[in-house]
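Student: No letters, just coordinates:
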């Protein structure tokens with residue numbers, strides 16, 4: 001039922017092996033999953049001047065996603081380690097979305113890949129060309145808290161017998 005195949009009849013696969021070796025040089029031009037991102041913490045003083053920038057490389061727990069829990073932990077850690085009292089001012093995500101075809105055809109090269117992150121939630125990074133993976137960044141702006149020195153007392157109104165009565169909170 002089965003015939004034995006001689007060595008001469010086997011398909012020549014050497015050309016496939018050569019192609020794979022040549023193709024390895026071009027792996028950096030294919031989209032890959034994002035495992036690490038750059039984090040920039042930008043500290044801004046009361047006069048809206050940058051007084052400190054700290055850069056970090058962060059390994060994502062889940063590929064392509066910085067989870068809400070991870071983000072909160074990073075923010076709390078940075079806020080607690082700050083010399084001055086700071087608050088979250090802004091977050092910007094840079095995710096380079098160029099495809100190999102765009103590079104070859106010189107399309108979308110000047111497109112703006114920076115977008116505002118408006119809330120503390122999961123931040124998804126779309127897989128990018130391996131060569132550009134180091135460009136994927138989250139910029140976090142932390143501005144100095146402005147403390148107010150108001151010492152006014154609150155006046156509370158009570159409704160008694162159809163008349164308002166003022167009472168000072170003690």
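Tutor: Nice, I can see it. Fair warning: this is a prediction, and the values are worked out from it, not measured in the lab. Numbers count the residues shown, from 1 in each chain.
Student: my guess is residue 96 meets residue 128, correct?
Tutor: Yes - the pair residue 96 / residue 128 is scored as a contact, 5.1 Å apart, by CB atoms under 8 Å. To be clear about C-beta, it is placed using only N, CA and C from the backbone, and glycine gets the same treatment.
Student: Looking only at neighbour counts, state which of the two leads.
Tutor: Here residue 96 and residue 128 are set side by side on neighbour count (other CB atoms under 10 Å), and the busier one is residue 128, at 22 against 18.
Student: if we can go back for a sec, give the intersection of the neighbour lists for residue 96 and residue 128.
Tutor: Listed contacts common to residue 96 and residue 128 are 135, 136; contacts here mean CB atoms under 8 Å, 6 or more residues apart in numbering.
Student: Show me the helices in this structure, by range?
Tutor: Under the criterion DSSP state H, the chain carries helices at the ranges 14-24, 68-81, 100-105.
Student: Is it possible to get CSV of the ones you listed that adds distance to residue 145?
Tutor: Shown next, in CSV, are these (distance: least, CB to CB, whole Å):
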stretch, distance to residue 145
helix 14-24, 52
helix 68-81, 10
helix 100-105, 43
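Student: roughly how far apart are the closest residue to residue 133 other than its chain neighbours and residue 156?
Tutor: Nearest-residue entry for residue 133: residue 34, 6.2 Å, with adjacent residues in sequence omitted and distances by CB to CB, 6 or more residues apart in numbering. In this view, residue 34 and residue 156 are 54 Å apart by CB to CB, to the nearest Å.
Student: go on, residue 25?
Tutor: 76 Å.
Student: Run through the residues that contact the most centrally placed residue in the chain.
Tutor: Nearest to the centroid of the C-alpha atoms of the chain, with distances taken as CA atoms, centre = their mean, sits residue 138, at 3.6 Å. Residues in contact with residue 138, defined by CB under 8 Å, 6+ apart, are 37, 38, 39, 40, 66, 91, 92, 93, 94, 117, 123.
Student: what is it paired to in the beta sheet?
Tutor: Going by DSSP bridges, residue 138 is paired in beta bridges with residue 39, residue 93.
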